[in-house]
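Dropping the sequence and predicted coords here.
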Amino acid sequence: MTENHHIIQVWFFVGIMFVFYGLLIVCSGIVEWPHPPNTVLSNLHAPVWWGALLVVLGAFYVVHYWPGRGRGGQGSGAGTPQGGSEE
């Protein structure tokens with residue numbers, strides 16, 4: 001009996017975390033937009049930009065390493081036994 005094991009890349013989960021944290025940072029940046037903190041470059045609204053960058057990067061990772069696409073190391077042999085086939 002042969003079993004088909006699918007490996008989910010860790011980058012898929014990293015992408016999910018990036019999207020989640022990016023959305024949290026964007027939301028906090030939008031909330032503080034009308035009343036920015038009293039810092040030197042607060043007029044640039046860094047949380048909005050950094051959060052958006054995390055969302056875009058995370059979305060790329062999620063799409064690129066989506067399980068079952070056949071890309072992202074499926075044929076690399078990672079996690080497979082090295083000594084022949086099992087019966």
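All right, it came through fine.

any idea how far the residue most central in space within the chain is from residue 59?
Of all residues in the chain, the one closest to the mean position by Cα atoms, centre = their mean is residue 15, 0.7 Å from it. Taking Cβ to Cβ, to the nearest Å as the criterion, residue 15 is separated from residue 59 by 7 Å. Using the backbone N, CA and C atoms, a C-beta is placed for each residue, glycine as well.

if I look at the residue nearest to the centre of the chain, how far off is residue 32?
Taking Cβ to Cβ as the measure, residue 15 falls 26 Å from residue 32.

again with residue 40
When Cβ to Cβ is the yardstick, residue 40 and residue 32 sit 15 Å from each other.

same thing with residue 65?
Residue 65 sits at a distance of 33 Å from residue 32 (criterion: Cβ to Cβ).

Repeat that for residue 2.
Residue 2 sits 56 Å away from residue 32, going by Cβ to Cβ.

the more surrounded of these two?
Summary of the neighbour comparison: residue 2 and residue 32, criterion other Cβ atoms under 10 Å, with residue 32 having more neighbours (14 against 6).

Number of residues surrounding the closest residue to that one other than its chain neighbours?
Leaving aside its chain neighbours, residue 32 sits nearest to residue 47 (7.0 Å; criterion: Cβ to Cβ, 6 or more residues apart in numbering). Counted by other Cβ under 10 Å, the residues lying close to residue 47 total 19.

again, but for residue 18
Considering only other Cβ under 10 Å, residue 18 is surrounded by 21 other residues.

residues contacting it?
By Cβ atoms under 8 Å, 6 or more residues apart in numbering, residue 18 lies in contact with 54-55, 57-58, 61.

make it 10 Å
11, 53-62 (Cβ atoms under 10 Å, 6 or more residues apart in numbering).

Filter those residues down to the ones in helices?
Among the contacts of residue 18, the subset assigned to helices under DSSP state H consists of 11, 53-62.

which of these sit farthest apart?
Distances among the ones in helices among the contacts of residue 18 were taken as Cβ to Cβ; the most separated pair is 11 and 53, at 16.8 Å.
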